[in-house]
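Q: model this:
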Amino acid sequence: GVDVTLLESHEWLMPRQLDRRASARLERHLAAMGIVLRKEARSAAIVGDGHAQGVRLVDGTILPASTVVIATGVRPNTSLARKAGLAVNTGIVVDSHMLTSVPTILAAGDVAEHNGVLYGLWGASLAQGAIAGMNAGGGTVSFGGIPRTSTLKVLGVDLVSIGQFQPVDGSWVVLADEDDARLRHFVFHDGVLAGAILMGDSALAPAVRRAVETRRSFVHLLHGSTLAADVASALQE
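A: Below is the predicted model:
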């Protein structure tokens with residue numbers, strides 16, 4: 001019952017979860033709902049006299065608004081770690097045992113940076129916490145990293161994004177299809193399923209997640225005439 005404007009600071013919606021094609025599909029869904037999207041729009045300030053009356057963008061544009069919702073993501077609070085002398089990059093640097101640069105101190109979850117990666121996801125935090133706990137108790141368990149996985153319900157659309165869903169160079173293979181009900185996007189490297197995007201139908205998500213995590217090879221299936229539907233069928237076997 002209200003007019004909604006969505007501001008996205010990047011070139012397309014949800015760049016950490018979607019490629020351009022999937023994002024364009026979500027944009028069409030937003031437009032059908034009457035939501036106005038402004039991309040590459042960077043907020044500078046909320047303006048108003050005692051209450052929100054608008055949002056001023058970096059370019060000086062002021063968009064009228066009586067309610068402002070902000071989604072900012074995760075940024076680790078590393079001040080205590082820095083004061084304690086721990087190695088800190090964007091997050092607190094940890095090894096595969098979740099040990100910091102001071103071996104008697106462990107870190108896990110949104111604050112921990114492992115192999116240059118800050119996951120900011122519940123699944124990774126859960127795994128890291130368990131490993132840190134076991135190692136704090138005398139174990140020697142290692143965290144090998146996990147594919148980034150996002151499972152969301154975005155404005156009524158089921159969305160699953162797993163692993164490396166963007167090809168890095170020409171040696172990567174992308175197989176995708178879409179219809180009115182769904183989009184399926186699979187990315188392979190050296191015959192191994194490296195990542196995927198599923199929109200509209202997430203039934204394949206558990207099988208895709210297992211395939212990415214176990215580095216399942218599809219080299220026997222991939223050839224010039226292979227379709228995304230063939231990959232979906234193989235995943236269901």
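
Q: what's across from Leu183 in the sheet?
A: Glu178, Met199 (DSSP bridges).

Q: tell me, how many residues neighbour it?
A: 22 (other C-beta atoms under 10 Å). C-beta: built from backbone N, CA, C; applies to glycine.

Q: list the contacts for it?
A: Arg21, Ala22, Arg25, Ala176, Asp177, Ile197, Leu198, Met199, Gly200 (C-beta atoms under 8 Å, 6 or more residues apart in numbering).

Q: return the members of those residues classed as buried.
A: Ala22, Arg25, Ala176, Ile197, Leu198, Met199, Gly200 (16 or more other C-beta atoms under 10 Å).

Q: just the closest of the residues you listed to Pro167, please.
A: Of all the buried ones among the contacts of Leu183, Pro167 sits closest to Ala176, with 11.0 Å by C-beta to C-beta.

Q: so the closest one touches His185, yeah?
A: Yes. Counting by C-beta atoms under 8 Å, Ala176 does reach His185; the two are 4.2 Å apart.

Q: who touches both of those two?
A: With C-beta under 8 Å, 6+ apart, Ala176 and His185 have common neighbours Arg21, Ala228.

Q: quick check: His185 is in a strand.
A: Yes. Assessed by DSSP: H, G, I helix; E, B strand; the rest coil, His185 belongs to a strand.

Q: how far away is it from Ala52?
A: His185 sits 37 Å away from Ala52, going by C-beta to C-beta, to the nearest Å.

Q: ditto for Ile46
A: Ile46 is 5 Å from Ala52, by C-beta to C-beta.

Q: please enumerate the shared neighbours of the two.
A: What both Ile46 and Ala52 touch, as defined by C-beta under 8 Å, 6+ apart, is the set Ala65, Val68.

Q: any idea how far the one helix or strand in the chain whose mean pLDDT sits lowest is from the chain center?
A: The helix or strand of the chain with the poorest confidence is strand 149-154; it has a mean of 79 (mean pLDDT, DSSP states H and E). Remark: strand 149-154 is offset 8 Å from the chain centroid, using C-alpha atoms, centre = their mean, to the nearest Å.

Q: send over the helix or strand following that strand as PDB, restricted to the C-alpha atoms.
A: Using DSSP states H and E, the helix or strand that follows strand 149-154 in sequence is strand 157-163. Extracted C-alpha coordinates of strand 157-163, given in PDB (Å, rounded to 0.1, in the frame of the first residue of the first chain):
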ATOM      1  CA  VAL A 157      10.900 -15.800  -5.000                       C
ATOM      2  CA  ASP A 158      12.900 -18.800  -3.800                       C
ATOM      3  CA  LEU A 159      16.600 -18.200  -4.400                       C
ATOM      4  CA  VAL A 160      19.600 -20.400  -3.800                       C
ATOM      5  CA  SER A 161      23.100 -19.300  -4.600                       C
ATOM      6  CA  ILE A 162      26.000 -21.700  -4.100                       C
ATOM      7  CA  GLY A 163      29.800 -21.600  -4.600                       C
END
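
Q: mind listing the strands for the chain?
A: Applying DSSP state E to the chain gives strands spanning 5-8, 36-39, 43-47, 54-57, 62-64, 92-94, 112-114, 149-154, 157-163, 172-178, 183-189, 192-199.
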